[in-house]
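Enquirer: Could you work out the structure for the sequence below:
(chains A and B)
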2 protein chains.
Amino acid sequence: MSEFALDARLEKDSELFTILGLCQLRLLKDSRWPWLMLVPQRPDKTEIFELAPLDQAMLTFETNLVAEALKTVTGARKINVGALGNVVSQLHVHVVARNEGDPNWPGPIWGYGSAVAYDETVKQTFLRSLMQAL
Amino acid sequence: MSEFALDARLEKDSELFTILGLCQLRLLKDSRWPWLMLVPQRPDKTEIFELAPLDQAMLTFETNLVAEALKTVTGARKINVGALGNVVSQLHVHVVARNEGDPNWPGPIWGYGSAVAYDETVKQTFLRSLMQAL
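Expert: Residues are numbered from 1 along each chain as shown, chains lettered A, B, ... in the order given. From the prediction side, this is the model:
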């Protein structure tokens, strides 16, 4: 059985925020939207249904925990949750806060434009609020 | 407590295939991708985390059941699962079979181009296979 290792592209595009029971919770390096990502720490998984049943339940629990906290912190109109994996096959789940008028609203965020780096102070403030809401 | 009623836009854009324990399973009227949608039959929900815990678990179970069946039937490279709801707020989960070279690959399907109607024979064949896989 192989060890879990984070995909290089996911590692480059995001930073570790905390570790939940099953997943790494990561912040995307893109300030255009409050954009988090859960990566289940299980090797060789590309689809949610490939996880063991208990892991599927854990992933649901952790995803919904993060989604609710993100809604609380941002006051967003809608949380977008998606597991695509067309570019990076390692299983990962996006949780994104969306508002009317944000980039590409009401379309999806994936594949749209280029990342905009965070201001460090803005990022730290956001992550502190998120930690409290979790 | 209000009754569940399907959103008019979801009703127009898709057709009922079957009813699972919690969700309506619907086929999108768009042959560009094998594209299914689960709609939990609960009124006034817009986010997955607003569902009762048992409903969240049911939704996970039904989503993964459908995703696995769709992968089996289509042999797709990747299943895309998404709950966006930026346009239609009623809670609904997309399950889509994706392959290299399909429209907008590897980008997302949402908001891309215009729907292409199914050939009736193609649709019936697809739905028969799906029913067997479920």
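
Enquirer: what residues does chain A put near chain B?
Expert: Contacts of chain A with chain B, taken as CB under 8 Å from any CB of the partner chain, map to A:46-49, A:56-57, A:59-61, A:63-65, A:67-68, A:71, A:77-87, A:89, A:98, A:104-108, A:110-111. The C-beta positions use only the backbone N, C-alpha and C, and glycine is treated the same way.

Enquirer: what's the longest helix in chain A?
Expert: Counting residues, the longest helix in chain A under DSSP state H turns out to be helix A:53-74.

Enquirer: average model confidence for that helix?
Expert: Across helix A:53-74, pLDDT averages out at 97.

Enquirer: by contact count, what packs against the helix or strand following it?
Expert: For helix A:53-74, the following helix or strand on the C-terminal side (DSSP states H and E) is strand A:78-83. Counting contacts by 3 or more CB pairs under 8 Å, 6 or more residues apart in numbering or on different chains; DSSP states H and E, strand A:78-83 is packed against helix A:53-74, strand A:93-98, strand B:78-83.

Enquirer: nearest to A:Thr121, of those?
Expert: A:Thr121 lies closest to helix A:53-74 among the helices and strands packed on strand A:78-83, at 16.1 Å (CB to CB).

Enquirer: How far off centre is the closest one?
Expert: When C-alpha coordinates are averaged (CA atoms, centre = their mean, to the nearest Å), helix A:53-74 and its chain have centres 10 Å apart.

Enquirer: and the residue nearest to the spatial centre of chain A, helix, strand or coil?
Expert: Residue closest to the average C-alpha location in chain A (CA atoms, centre = their mean): A:Met37, at 1.4 Å. Classification of A:Met37 using DSSP: H, G, I helix; E, B strand; the rest coil returns strand.
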